[in-house]
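Asks: sequence first, then the predicted structure:
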Amino acid sequence: MAKDMLNAVKDRLWQWLSSDPGFILNHCERILFMNEYREIERQSSALEKMQLLLKIIIEKGDDSCQSFVDILRIHQAHYWQLQQFFKPNTQGSSSPTVVADGGSVVTAREMENIRAKSINMKIETVSGAGGSQCGNSTGQNPQADYIATGGSVICADKICNTSTDGDFNLSVTVKASTQVCPGLVDETLPSSQEPAVKMIRQHKEKLVDCLRSDCSFILQRAQVKELVTDRQYQNLKDISQSEQTVIDLIDRLMSNGQKSCTLFIEVLKEPEVLRTYPQLKDISWC
């Protein structure tokens, strides 16, 4: 059942989906009620948003869980770790494909019909150590049967009909490294720290004061620029209080990240928008 599957992997899904919470939220509109959507967006961190999202969907039952699984399947390329759940069946394949970044290890050894005094299959690695893939891997979506990242270890060894008179060492040791990969620090900012998002947050109160005078106009501009979907536009339009409409619009755009906020700032600079909201000229976007 889809509900059982989500319960079993929710801890990992929280982490994976929190890399881009706005993307998955936008694709869950048919599953969530508007008040649920707003409650998720009000969470302070991406991880908390995904924890609440999974909680709500699981509580809705198996039909909603199956719809969510279908969404994950369709968009697995956006969260490449999901490919571990949706990969094709490789049973009978002579050798599984593997991907491991610097400091990570994947073992897929086969041992059969072996008798020895002792066997040592100990694994040692250093997390964060430099390697061929050390650095920011944004945009890279590896596809493989086993994917190890961030100094992790995957053991997919097959041992059959093997015996030993002494020790059989299968230990795994991961040591911390003080090495910093060049370019790794500060290359990927949390969405809340991205420049356009920070500017929108900094001027949020002023924006609300300006835009609430005619919230329908800015909503229409956001729809034309595809900053909101048709369903999002209708939901925002149905809110009775203009101030809350603007607040929800701005919160949604900030949760969507840098690209949406950058486009929104460009909308706010349009001559027609400035004529409608002359107070916007007092806001500096530098």
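Replies: Cool, the structure landed. Treat the numbers as computed from the prediction; the structure is a model and nothing was measured. Numbering: from 1, shown residues only.
Asks: what are the contacting residues of stretch 240-255?
Replies: Contacts to stretch 240-255, defined as Cβ atoms under 8 Å, 6 or more residues apart in numbering, come from residues 21-22, 25, 38, 41-42, 49, 191-192, 197, 200-201, 204, 207-208, 211-213, 215, 218-219, 222, 227-228, 232, 236-237, 239, 260-261, 264. To be clear about C-beta, it is placed using only N, CA and C from the backbone, and glycine gets the same treatment.
Asks: any chance of a PyMOL selection covering the buried ones in these?
Replies: Only the buried entries of the contacts of stretch 240-255 go into this PyMOL selection, using 16 or more other Cβ atoms under 10 Å:
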select buried, resi 21+22+25+38+41+49+191+197+200+201+207+208+211+212+215+218+219+222+227+228+232+236+239+260+261+264
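Asks: which ones among the contacts of stretch 240-255 lie within helices?
Replies: Mapping those onto helices (DSSP state H) picks out 21-22, 25, 38, 41, 49, 197, 200-201, 204, 207-208, 211, 215, 218-219, 222, 232, 236-237, 260-261, 264.
Asks: just give me the neighbour total for residue 105.
Replies: 17 (other Cβ atoms under 10 Å).
Asks: residues contacting residue 225?
Replies: 263-264, 267.
Asks: now those residues in a markdown table, with distance to residue 59 and pLDDT?
Replies: Listed next are the contacts of residue 225 as a markdown table, based on distance: Cβ to Cβ, whole Å; pLDDT from 0 to 100:
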| residue | distance to residue 59 | pLDDT |
| --- | --- | --- |
| 263 | 34 | 92 |
| 264 | 33 | 92 |
| 267 | 37 | 92 |
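Asks: out of those residues, who's nearest residue 110?
Replies: Nearest to residue 110 out of the contacts of residue 225 is residue 263 (Cβ to Cβ; 52.3 Å).
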